Structures are given as structure tokens and as C-alpha cells.
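In: pasting the sequence and the predicted model now:
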Amino acid sequence: MKKNIAIIMGGYSSEYEISLKSGNVVYNTLNKDKYNTYRIHIFKEKWVYVNEANEEFHVDKNNFSVMVNGETISFDCVFNAIHGSPGEDGYMQAYFKLWNIPQTSCNMYQAALTFNKRDLLATLKPYGIKTAESYYLNLGDVINENDIVSKVGLPCFVKANKAGSSFGISKVYKKEELKAAIEKSFKEDDEIIIEQFLDGVEVSVGVISYKGQTTVLPITEIVSENDFFDYEAKYQGKSQEITPARISEDYANKVRAQAKKIYEVLGMTGFSRSEFIFKDDEPHLLEMNTVPGLTKESILPQQAAAAGISMEELFDNAIEEAMKN
């Protein structure tokens with residue numbers, strides 16, 4: 001009997017358009033002979049099932065079901081394709097846990113932790129994971145540019161603490177530019193992180209649970225045409241993403257070991273993609289994404305392909321792992 005799979009997409013953040021693309025890729029890729037697939041749009045103002053004719057049907061939040069032509073449809077598993085809130089920060093994970101519905105991303109705690117860059121880096125520090133020097137600000141804090149420059153130096157990166165896809169990020173070269181960069185980040189989040197610039201090779205490492213095993217995918221080297229790996233570089237072709245990365249075997253072994261260690265230390269499940277920069281021959285963690293992009297331009301599917309895993313296999317495995325767990 002075919003399983004009913006809800007593919008949730010959209011979300012409450014600036015990443016909703018990318019999420020809709022990812023969700024539709026999943027919808028178009030999953031085997032329709034094996035699954036009944038349903039596109040579920042999650043927005044602040046509505047949760048709806050959208051059929052092939054783009055008709056919308058209300059989702060009952062009381063049990064996550066949909067009424068279509070007098071028939072109630074419930075779901076065997078949820079494929080989470082929401083980047084940002086509420087799909088990547090723990091809210092949807094907690095919601096589905098309450099209803100005992102399997103879902104493809106990590107659990108609630110891991111989602112909340114990894115979505116918060118500051119908390120993630122602080123949690124991993126005792127495990128020997130190297131990170132850039134950083135400075136924290138919350139909305140309303142007094143901004144002391146001299147203290148910031150003294151701590152992290154110039155140039156530096158100003159980032160929203162809980163946002164993805166390079167929204168709210170700026171590279172700052174002069175102290176006078178800090179205020180505008182901080183205001184830009186505060187438009188995305190009420191917490192920001194200001195990080196030391198690390199001048200080195202940037203790589204992205206996908207780690208997934210594949211057929212019951214923690215699997216590190218081939219490493220991708222990021223070469224941005226822009227000043228850094230920003231939104232344009234990620235989604236508008238302004239970067240080279242080279243898989244496998246052009247790095248030494250020593251570098252590759254180090255970053256693979258770190259990515260796997262992080263995944264296992266945190267008790268992760270599902271997809272993850274971690275970004276690192278090499279400094280002094282050591283990988284330094286920038287962040288981890290637990291609902292990475294799944295479009296044709298996205299890095300994780302490229303890495304899976306390099307490992308001989310098709311998009312259909314990648315998505316099918318995610319569902320099977322979720323239902324097994």
C-alpha cells in the first residue's frame with residue numbers, strides 16, 4: 001500500500017521562495033508508484049495542501065490532516081523542505097513529535113541548537129571543534145565599534161544569528177561600516193554574531209544518515225565570484241561549487257572527520273551540511289544547516305550525485321530512515 005507523504009515547504013522567513021523550489025523538486029522527484037505525495041504550504045497566514053491544479057485545501061492543525069472532496073487524508077511521513085523558521089529551528093519537529101508523525105529532518109533539540117549559530121559553536125567548542133573569533137550583540141545592546149574591532153579585527157562578517165541562505169550578512173572592511181551592517185542583520189533577527197574573517201579555502205561537507213549509517217558525502221569547494229558566499233553566489237550562479245574539492249588528502253581527511261564528529265556528537269539524523277574554512281591547516285566550523293537546499297543548484301544533491309546517489313535515492317532514503325526511526 002502506498003504511503004502518504006506530506007512535503008512541507010514555504011515557511012515564515014526570507015528563505016520561503018527557496019524552500020518552495022526545494023519542496024517542488026522533492027515533489028517531482030519522489031516515485032509516484034511508491035508514494036502518494038502532497039505539497040503542503042506552511043505560511044503564517046495559512047497551512048494548505050496545494051494540488052496539481054493549484055487548488056488549496058485547508059490543513060487541520062489539530063491533527064495535521066486534510067479534507068479533500070469529503071475524504072480525510074492523514075500522513076505516514078513528512079518530508080521537511082522548509083529552510084529557516086519554522087522548519088529548521090525546531091518548531092515543526094516538535095509539532096510532528098506530538099502527533100507521532102515521522103519527519104525527515106533532525107529532532108527538535110538538534111534543530112533548535114544548530115539553527116542558533118552562537119549556541120551551536122559554544123556547544124561544540126569543548127569537543128575540540130575550531131571556530132572563528134566572535135562577538136555577540138542582541139537588539140537594544142549598546143554598540144561599541146572599538147570593542148568589536150578589538151575582538152574580531154577587520155575585515156569581519158556581521159551575520160544574523162538565526163537565519164540562513166546568507167540573508168542579513170555583510171562583510172565589513174572599515175569600522176565606519178559596522179553600524180549599517182548591524183542594522184541590516186537586525187532586520188533578519190534580534191540576535192547577531194560578528195565573526196573574524198578567516199582567509200582560506202572554504203568547503204561544504206554533507207553528512208547524512210544513509211541506509212542506517214552516518215555517511216560523509218564528497219566535499220565541495222566553494223569559490224565565490226562575489227566577495228563572499230552570499231545569496232547571489234548561492235542561488236544566482238555567482239559561484240563555482242567544485243565537487244570533489246581541490247584540497248589535499250590531509251585536508252580532506254581532517255574536515256571529513258570533523259563533520260562526522262559534529263553529526264554524531266549532536267545526535268543528528270537526516271540531512272546536514274556544514275561549512276568550514278581552513279585556517280592554519282585546520283578546518284574551522286562556520287555553521288551547520290539541517291534542512292539544506294534541495295534545488296538543482298544546491299550543494300547537497302551535487303554531493304550525493306558525486307557519491308553515486310541519485311536525487312530519487314536521496315529523498316527515498318530520507319523517508320525510509322525517518323519511518324524506521
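Out: Thanks, I have the structure now. Numbering: from 1, shown residues only.
In: alpha carbons only for contacts and neighbour counts from here, please
Out: Fine.
In: which pLDDT value goes with residue 227?
Out: Here the pLDDT value assigned to residue 227 is 60.
In: where does the chain have low pLDDT?
Out: Applying pLDDT under 70 to the chain flags the ranges 164-166, 226-238.
In: closest to the centroid, which residue in it?
Out: Centroid check for the chain by Cα atoms, centre = their mean gives residue 289 as the closest residue, at 2.9 Å.
In: what's the spacing between it and residue 188?
Out: Residue 289 sits at a distance of 17 Å from residue 188 (criterion: Cα to Cα, to the nearest Å).
In: just the CA coordinates for the helix or strand hosting residue 20, please, in PDB.
Out: In the assignment (DSSP states H and E), residue 20 maps to helix 16-29. Below are the C-alpha coordinates for helix 16-29, written out as PDB (Å, rounded to 0.1, in the frame of the first residue of the first chain):
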ATOM      1  CA  TYR A  16      10.400  30.800   1.700                       C
ATOM      2  CA  GLU A  17      11.000  31.100  -2.000                       C
ATOM      3  CA  ILE A  18      14.000  28.800  -2.000                       C
ATOM      4  CA  SER A  19      12.000  26.400   0.200                       C
ATOM      5  CA  LEU A  20       9.200  26.300  -2.300                       C
ATOM      6  CA  LYS A  21      11.700  25.400  -5.000                       C
ATOM      7  CA  SER A  22      13.200  22.700  -2.900                       C
ATOM      8  CA  GLY A  23       9.800  21.300  -2.000                       C
ATOM      9  CA  ASN A  24       8.800  21.100  -5.600                       C
ATOM     10  CA  VAL A  25      12.000  19.300  -6.500                       C
ATOM     11  CA  VAL A  26      11.200  16.700  -3.900                       C
ATOM     12  CA  TYR A  27       7.600  16.500  -5.100                       C
ATOM     13  CA  ASN A  28       8.600  16.000  -8.700                       C
ATOM     14  CA  THR A  29      11.400  13.500  -7.800                       C
END
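In: quick check: what element follows it along the chain?
Out: Taking DSSP H and E, what comes next after helix 16-29 is strand 35-42.
In: paired strands for that next one, with orientation please.
Out: Using DSSP bridges, the strands paired with strand 35-42 in its sheet are strand 3-10 (parallel), strand 47-50 (antiparallel).
In: ranking those by burial, who's on top?
Out: Most buried of these by mean neighbour count (mean count of other Cα atoms under 10 Å) is strand 3-10; its value is a mean of 23.
In: what lies in contact with that strand?
Out: Contacts with strand 3-10, where a contact means Cα atoms under 8 Å, 6 or more residues apart in numbering, come from 16-20, 22-23, 26-27, 34-43, 74-83.
In: now the strands paired with strand 35-42 in JSON lines, with distance to residue 203?
Out: Formatted as JSON lines, these follow (distance: least, Cα to Cα, whole Å):
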{"stretch": "strand 3-10", "distance to residue 203": "27"}
{"stretch": "strand 47-50", "distance to residue 203": "36"}
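In: what's the closest of the ones you listed to residue 196?
Out: strand 3-10 (32.3 Å; Cα to Cα).
In: what angle separates the closest one from helix 16-29?
Out: Interaxial angle, strand 3-10 versus helix 16-29 (axes from the mean of the first three to the mean of the last three Cα atoms, to 10 degrees): 160 degrees.
In: chain center to strand 3-10, what's the gap?
Out: 18 Å (Cα atoms, centre = their mean, to the nearest Å).
In: swap in stretch 305-315?
Out: 18 Å.
In: list the buried residues in that stretch.
Out: Buried residues in stretch 305-315, counted by 16 or more other Cα atoms under 10 Å: 305, 306, 309, 310, 311, 313, 314, 315.
In: could you pull out the helices for the stretch 51-200 of the chain?
Out: Here the stretch 51-200 of the chain has its helices, by DSSP state H, counting those that start in this stretch, at 91-98, 108-115, 117-124, 145-152, 178-186.
In: related to what we said a few turns ago, residue 128: which of the strands paired with strand 35-42 is closest?
Out: strand 3-10 (35.2 Å).
In: keeping just the C-alphas, turn the closest one into CSV.
Out: The C-alpha coordinates for strand 3-10 follow below in CSV (Å, rounded to 0.1, in the frame of the first residue of the first chain):
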residue,chain,number,x,y,z
LYS,A,3,2.4,5.7,1.8
ASN,A,4,1.0,9.2,2.1
ILE,A,5,3.9,11.7,2.2
ALA,A,6,3.4,15.4,3.1
ILE,A,7,6.1,17.6,1.6
ILE,A,8,6.2,20.8,3.7
MET,A,9,7.6,23.9,2.1
GLY,A,10,7.4,27.7,2.4
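In: after the helix ranked longest in the chain, next one along is what?
Out: Taking DSSP state H as the criterion, the chain has its longest helix at helix 249-265. Using DSSP H and E, the helix or strand that directly follows helix 249-265 along the chain is strand 271-279.
In: convert the C-alpha atoms of that next one to CSV, please.
Out: This file holds the C-alpha atoms of strand 271-279, laid out as CSV (Å, rounded to 0.1, in the frame of the first residue of the first chain):
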residue,chain,number,x,y,z
PHE,A,271,20.4,15.7,6.2
SER,A,272,23.1,18.1,7.3
ARG,A,273,25.5,20.4,5.5
SER,A,274,28.4,22.1,7.4
GLU,A,275,30.5,24.9,6.2
PHE,A,276,34.2,25.1,7.1
ILE,A,277,37.2,27.4,6.3
PHE,A,278,40.7,26.2,6.6
LYS,A,279,43.0,28.4,8.7
